[in-house]
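take this sequence and fold it.
(one chain, ligands or ions: 1)
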Amino acid sequence: MIPMAFSAEVTEAMKNGTPLVALESTIITHGMPYPQNVETARLVEAAVRDNGAVPATIAIIKGTLHVGLDSDQLDDLGQAKDVKKLSRADIAACLATGGTGATTVAATMICAEAAGIDVFATGGIGGVHRGAEDTFDISADLQELAQTAVTVVAAGAKAILDLPKTFEVLETLGVPVIGLGQDELPAFWSRSSGIPTPIRLDTADEIAAAHQMRGLLGLPGGQLVCNPIPEDAEITAEEILPHIEAALADADAQGIKAKEVTPFLLQRMYEITEGRSLTANIALVLNNARLAAKIAVALDKLSR
Ligand code: PSU
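From the prediction side, this is the model:
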């Protein structure tokens, strides 16, 4: 049996049939500094509740897959050092050896599906890193979207990536990339990317219906919902681009590789923008949590 533990709140929701929204933990341990990481995690959970669903933050603690964390667990995770960053490849060994780790988008999707949760909110998915033609560095998040039936709400892929290549790969993998309410895909901190939206939908109800239809068709995999950062929180593409270039140059100069790349770049962006990248990141995650809750509620209505 999978060693799985549900929080009291998640157990209650499952008993009452309240819709659930999965949340990841890598954003807490590797994506934001303490204490803003824990404060954000709590605000994100509250945003899910305010929109009619129950949050299930996912992490592996001492060999148990936790679906829903209590306040102390969240606080401990937010301050812990050397927490593993777990993707598809890592979760089984971590569980089997009593390890502790935070789940990325890919790992959270697997855990959400195992727990019967259809909708998951994050900040921005991983994707094809710039220079991937030499490094082959492509996030496992993309493959996961192609094989695990969870709807992932993000503000697109993180803008530190090669966005055109990221969306090309998603197209090749047959992943539905849905843009909410605009004809251009968002780019994490910015509302525009220059890339046309493959599938534009305008409401949570439509997104839920598309999720359900994929299931009826027996298609494997999930959907990526790209939800633009709110206008008042956006850092425009024009403004952020030189900062991204500077952060990438630093990563290159310091020889940062593999799993370290994304956390390093997010931390450098925080320093270079004097905290603005983090303020925007928090705003976009909250926005995604609200939409994910609305999709989960809509999906619940459809399945009754
Ligand atoms: N969204 C954020 N910040 C993050 C992440 C998402 O706003 O730190 C995390 C997710 O866990 C995602 C990971 O899966 O970044 C991507 O890492 P990589 O590029 O190494 O696959």
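
for the ligand, give me its nearest residue in the stretch 1-150 of the chain.
The shortest separation between the stretch 1-150 of the chain and the ligand is 1.9 Å, found at residue 123 (distances taken as Cβ to the nearest ligand atom). For every residue, glycine as well, the C-beta is placed using N, CA and C.

look up the closest residue to that residue, ignoring the ones flanking it.
Counting by Cβ to Cβ, 6 or more residues apart in numbering, residue 123 lies nearest to residue 285, which is 4.7 Å off, once chain neighbours are set aside.

I figured that neighbour hits residue 41, correct?
No - in terms of Cβ atoms under 8 Å, residue 285 does not count as a neighbour of residue 41; the distance is 9.1 Å.

ok, back up a step: need the contact list for the residue of the stretch 1-150 of the chain closest to the ligand.
27, 31, 154, 155, 158, 188, 281, 284, 285, 288 (Cβ atoms under 8 Å, 6 or more residues apart in numbering).

equivalent analysis for residue 301, please.
When contacts are counted by Cβ under 8 Å, 6+ apart, residue 301 is found next to residue 208.

pull the number of nearby residues for residue 295.
For residue 295, the count of nearby residues is 30 (other Cβ atoms under 10 Å).

let me fix that: residue 303
Residue neighbour count, defined by other Cβ under 10 Å, stands at 12 for residue 303.

follow-up on the earlier one: show me which of the contacts of residue 123 is closest to the ligand.
Ranked by distance to the ligand (Cβ to the nearest ligand atom), these are led by residue 31 at 2.6 Å.

excluding its backbone neighbours, what's nearest the closest one?
Nearest to residue 31 is residue 266, by Cβ to Cβ, 6+ apart, at 5.7 Å.

lowest-confidence helix or strand of the chain?
Evaluated with mean pLDDT, DSSP states H and E, the helix-and-strand set of the chain has its lowest mean pLDDT in helix 132-135, which scores a mean of 94.

please save the CA atoms from that helix in PDB.
Once side chains and other backbone atoms are set aside, the C-alpha atoms of helix 132-135 remain, and they are given as PDB (Å, rounded to 0.1, in the frame of the first residue of the first chain):
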ATOM      1  CA  ALA A 132      18.300  22.900 -24.300                       C
ATOM      2  CA  GLU A 133      19.800  22.100 -27.700                       C
ATOM      3  CA  ASP A 134      23.100  21.600 -25.900                       C
ATOM      4  CA  THR A 135      22.000  20.600 -22.300                       C
END
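
off-centre distance for the following helix or strand past it?
Remark: after helix 132-135, the chain's next helix or strand is helix 140-147, criterion DSSP states H and E. For helix 140-147, the gap between its own C-alpha mean and the chain's C-alpha mean amounts to 12 Å (Cα atoms, centre = their mean, to the nearest Å).
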